[in-house]
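Chemist: I would like to see how this sequence folds:
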Amino acid sequence: MSGAAEPAKATSAFAPFRQSIFAVIWVATVMGNTGSFMRDVASSWLVTDLSAVPAAVTMIQAAGTLPIFLFAIPAGVLSDILDRRKFLIAVQVLLALVSATLMMLSYYGLLTVNLLIGLTFIGGIGAALVGPTWQAIVPELVPRQDIKSAVALNSLGINVSRSIGPAAGGILLATFGAAVTYGADVISYMFVIAALLWWPRAKAENDVLSEKFFGAFRAGLRYTRSSRELHIVLLRATIFFAFSSSIWALLPLVARILLRGDASFYGVLLGAVGAGAIGGALVLPRLRAKLDSDALLLIAALLSACVMAVLSFAPPKWVGLPVLLLLGSAWITALTTFSGVAQAVLPNWVRGRGLAVYLMVFNGAMAAGSLGWGAVAQALSLPATLLVSACGLAVAAFIMHRVKLPTGEADLAPSNYWPEPLTSDEVEHDRGPVLILIEYRIARQNRAPFFTGLKRLSEARRRDGAYGWGITEDAADPEKIVEWFLVESWAEHLRQHHRVSKADADVQREMTQYHIGPDAPVVRHFLTLDLKNPTSKPELVDQH
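Modeler: I've put the predicted structure just below:
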């Protein structure tokens, strides 16, 4: 369970723990994440024993993150259409089986680089499937007023796991070996599964407009393709994570070769990252009060670049701890800033799918960056690779600082601004496509500001479900302007009615102010006609 840490009042920061369900699942998730970090330490270190080739080491990082790039959007859709509790339990069982397989292969000395990469990839698929779902269940666990505090506590929890898991994994690995470390991860999943089984989740009510998988998938892609604000977040995240991925992909080699440490020292280094992240999360609310998101990301990028540059010079072993603390602080600042802005620009109806796209971009950039920096390290050297990536990150940070992140202040709550369409007969939900025509009368002197507003409105139409949009004028009456858009089905258009946000409703009210005449703009709906039975469904007319 993860999310952007957000400032909360002192009296309410821990209020979600008053809900026993949230408290139990939070504790179990911290234990599960701790086990996952222990497993990751064992895999990352074990591959250096099996192969010292940098490309093989970075393949482990890529195998864990690439599935999230590939399956994040389907996972976001599944989190909306399946029973989330049962879905989470099934995936936790899959992850436990992966770690149990690693344990047995390691115990009998049968583990190879290819097997390790393959099983890590399967584990990555499981992580991809549950990521959006963990975020989506938060409103089911706490009252509405405690959601922000719950999200902040989830962010704190994953960093507690990050500070404990790697260090504990390194100690277990150095003392008892990889099999015991993997076994500890298996046990951690049992706690998560038990907590989910105990959770008495209420059954979801039947919704006649509930989305099916492929329809929801297309709706999520349409929204992502049409949201310029989300595009800015994704662009900046891609650049940041592509450059900063080098330190994460090469950290096992940095610990072993540049800092001359062993497995337990590598775990301590990762623990320092987690501790730095916790410290950063505690300081971040005060920084947000003084700095905007763009300034925070610039600082995070420059700190990360400095850490990589320092490590490239193979400093004394003790230097690794304070610089990794700084890296953890910079990392949590970037993660929570990107995640917070992404959530702020997404309405509730598509939040899971939009965040899934963000996770896909994040992990895709990490996977591609890991592979790329591994190849660079083989061609050049480990210190040169760290120095090149540090310089690239610093330069990119100053360039991207000019591409300002959206403020996310728009009110995206449903407005119910569109009335339900009037029909002459009941319309089957799967019938479509649907053509919607809106007739305005616009005076010539108002055409320029009206068209400027329509450009903003066109983005909202496409985000909420339209796959085609345009405007026309009547050749015989230039004051008559017709806006049209296409929606794939009648059910999708009904959903579109419920998706119009308060911010978009304000834009539409602004547009109607330019309309002249005693009546409101006329809205007409046209359905595809069955040529075999052309009289089956007449034109549908609605006014609002």
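
Chemist: who's in contact with stretch 381-397?
Modeler: Counting by Cβ atoms under 8 Å, 6 or more residues apart in numbering, stretch 381-397 makes contact with 54, 239-240, 243-244, 246-247, 250, 253-254, 257-258, 297-298, 301-302, 304-309, 311-314, 373, 376-377, 380, all of which sit outside it. For the C-beta atoms, the positions are set from N, CA and C on the backbone; glycine is no exception.

Chemist: and if you look at stretch 132-142?
Modeler: The set of residues that contact stretch 132-142 without belonging to it, under Cβ under 8 Å, 6+ apart, is 1-3, 15-16, 19, 21-22, 25, 29, 72, 75-76, 78-80, 84-85, 87-88, 147, 149-151, 154, 201, 351-353, 355-356, 359.

Chemist: one more time with 6 Å
Modeler: In this structure, residues lying in contact with stretch 132-142 by Cβ atoms under 6 Å, 6 or more residues apart in numbering are 1, 3, 16, 19, 21-22, 75-76, 79, 84, 88, 147, 150, 352, 355-356.

Chemist: Ok, stretch 157-172 next?
Modeler: Where contact means Cβ under 6 Å, 6+ apart, the residues beyond stretch 157-172 that reach it are 2, 26, 30, 33-34, 37-38, 41-42, 180-181, 263-264, 266-268, 270-271, 274-275, 277-278.

Chemist: Residue 384: how many residues sit nearby?
Modeler: In terms of burial, residue 384 registers 13 neighbours under the definition other Cβ atoms under 10 Å.

Chemist: cool, the one 10 residues further on as well?
Modeler: As a burial measure, the neighbour count of residue 394 was computed by other Cβ under 10 Å and equals 19.

Chemist: Equivalent analysis for residue 389, please.
Modeler: Once other Cβ under 10 Å is used to define contacts, residue 389 is seen to have 28 neighbours.

Chemist: Find the nearest non-adjacent residue to it, please.
Modeler: Take residue 389 and drop its neighbours on the chain: the residue closest to it by Cβ to Cβ, 6 or more residues apart in numbering is residue 246, 3.8 Å away.

Chemist: Now for that neighbour, which secondary structure element holds it?
Modeler: Residue 246 is part of helix 228-253, with elements assigned from DSSP states H and E.

Chemist: Show me what that helix is packed against.
Modeler: Using 3 or more Cβ pairs under 6 Å, 6 or more residues apart in numbering; DSSP states H and E as the contact definition, the elements that helix 228-253 packs against are helix 54-81, helix 320-344, helix 351-379, helix 382-400.

Chemist: and those as TSV, adding distance to residue 461 and mean pLDDT?
Modeler: Listed next are the helices and strands packed on helix 228-253 as TSV, based on distance: least, Cβ to Cβ, whole Å; pLDDT from 0 to 100:
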stretch	distance to residue 461	mean pLDDT
helix 54-81	22	77
helix 320-344	21	85
helix 351-379	17	84
helix 382-400	30	93
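
Chemist: Columns distance to residue 485 on top of these, output as CSV?
Modeler: Conversion of the helices and strands packed on helix 228-253 to CSV gives the following (distance: least, Cβ to Cβ, whole Å):
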stretch, distance to residue 485
helix 54-81, 23
helix 320-344, 26
helix 351-379, 21
helix 382-400, 33
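
Chemist: For residue 415, find the nearest of the ones you listed.
Modeler: Relative to residue 415, the nearest member of the helices and strands packed on helix 228-253 by Cβ to Cβ is helix 351-379, separated by 16.8 Å.

Chemist: Contacts for stretch 348-357 next, please.
Modeler: For stretch 348-357, contacts defined as Cβ under 6 Å, 6+ apart pick out 72-73, 75-76, 79-80, 132, 136, 220, 223-224, 346, 499.

Chemist: Now restrict the residues you listed to buried residues only.
Modeler: When those are checked for burial by 16 or more other Cβ atoms under 10 Å, the buried set is 72-73, 75-76, 79-80, 132, 136, 220, 223-224, 346, 499.

Chemist: and the residue lying closest to residue 437 once chain neighbours are set aside, how many residues sit next to it?
Modeler: With Cβ to Cβ, 6+ apart as the measure, residue 524 is the residue that lies nearest to residue 437, at 4.6 Å, once sequence neighbours are left out. By other Cβ under 10 Å, the residues close to residue 524 number 17.

Chemist: i'd like the first residue to be 18 from this point on
Modeler: In the new count, where the first residue is 18, that last one comes out as residue 541.

Chemist: just checking, residue 541 is part of a strand?
Modeler: Yes: counting by DSSP: H, G, I helix; E, B strand; the rest coil, residue 541 falls inside a strand.

Chemist: Surely residue 502 is within a strand?
Modeler: Yes: residue assignment for residue 502, taken from three-state DSSP, places it within a strand.

Chemist: Let me know the pLDDT of it.
Modeler: Residue-level confidence at residue 502 comes out at 93, pLDDT.

Chemist: Then residue 445?
Modeler: The model's pLDDT for residue 445 equals 82.

Chemist: which residue packs closest to residue 427, ignoring adjacent ones?
Modeler: If you skip the residues right next to it in sequence, residue 427 has residue 520 as its closest partner in space, 3.9 Å away by Cβ to Cβ, 6+ apart.

Chemist: roughly how far apart are the one you found and residue 259?
Modeler: With distances defined as Cβ to Cβ, to the nearest Å, the gap from residue 520 to residue 259 amounts to 32 Å.

Chemist: neighbour-wise, which of the two wins?
Modeler: More neighbours surround residue 259 than the other of residue 520 and residue 259, with 22 against 16 (other Cβ under 10 Å).

Chemist: Surely the more buried one and residue 386 touch.
Modeler: Yes: counting by Cβ atoms under 6 Å, residue 259 sits close enough to residue 386 to count as a contact (4.4 Å).

Chemist: quick one: low-confidence parts of the protein?
Modeler: Within the chain, the segments meeting pLDDT under 70 span 18-30, 69-70, 72, 161-162, 164-166, 168-169, 219-226, 547-561.
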